[in-house]
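Chemist: next one to model:
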Amino acid sequence: MWLGVAVGAALTPLRTWYQYGKNRKLYANDYLILSAFIVHLATASVNQVMISPLYELELVTAGLKTPAVDFIEQANFFLRLQFAADLLLWTTTWLIKFSLLSFRSEEHTSELQSPVLS
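Modeler: Numbering: from 1, shown residues only. So this is what the prediction gives:
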């Protein structure tokens, strides 16, 4: 989980620096990738908080531990964290997809134009 954040933290600024150095401006896909990294960092943080209630619930479910007094509250807290983690995960995925769909460079737009329409 944190390895993915570390790789993203290393490659996202490198990619942004390269894009800015090459084009002297940032495009929409650059901002979408930066947003995806920030949301991915939030996803990892939520998953980190979710680990303790997850193992507690698994031990109770397996019958290795008796439920504590606040078991229902812990289960409710875990489900809320699970919903937040899923929402953040899909937000990250869609930001990356939109980044790929909005990829456009001035160099490539001239190559993509049809000679018939020119």
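Chemist: can you give me the mean pLDDT across the longest helix seen in the chain?
Modeler: Across the chain, the longest stretch assigned as helix under DSSP state H is helix 28-61. Taken as a whole, helix 28-61 has a mean pLDDT of 94.
Chemist: name the helices or strands packed onto it?
Modeler: Helix 28-61 is packed against helix 2-23, helix 71-101, with contacts defined by 3 or more CB pairs under 8 Å, 6 or more residues apart in numbering; DSSP states H and E. Glycine gets a C-beta too; all of them are placed from N, C-alpha and C.
Chemist: was I right about Phe29 contacting Ile96?
Modeler: Actually, residue 29 is Asn. It isn't Phe. No - the pair Asn29 / Ile96 is not scored as a contact, 9.7 Å apart, by CB atoms under 8 Å.
Chemist: any idea which of the helices and strands packed on helix 28-61 scores lowest on pLDDT?
Modeler: Lowest mean pLDDT of these: helix 2-23, a mean of 91.
Chemist: and that one, what does it pack against?
Modeler: Using 3+ CB pairs under 8 Å, 6+ apart, helix 2-23 sits against helix 28-61.
Chemist: gap between the helix it packs on and the chain center?
Modeler: The chain centre lies 8 Å from the centre of helix 28-61; the measure is CA atoms, centre = their mean, to the nearest Å.
Chemist: from Leu14, how far out is Phe77?
Modeler: Here the distance between Phe77 and Leu14 works out to 37 Å (CB to CB, to the nearest Å).
Chemist: cheers, nothing more for now.
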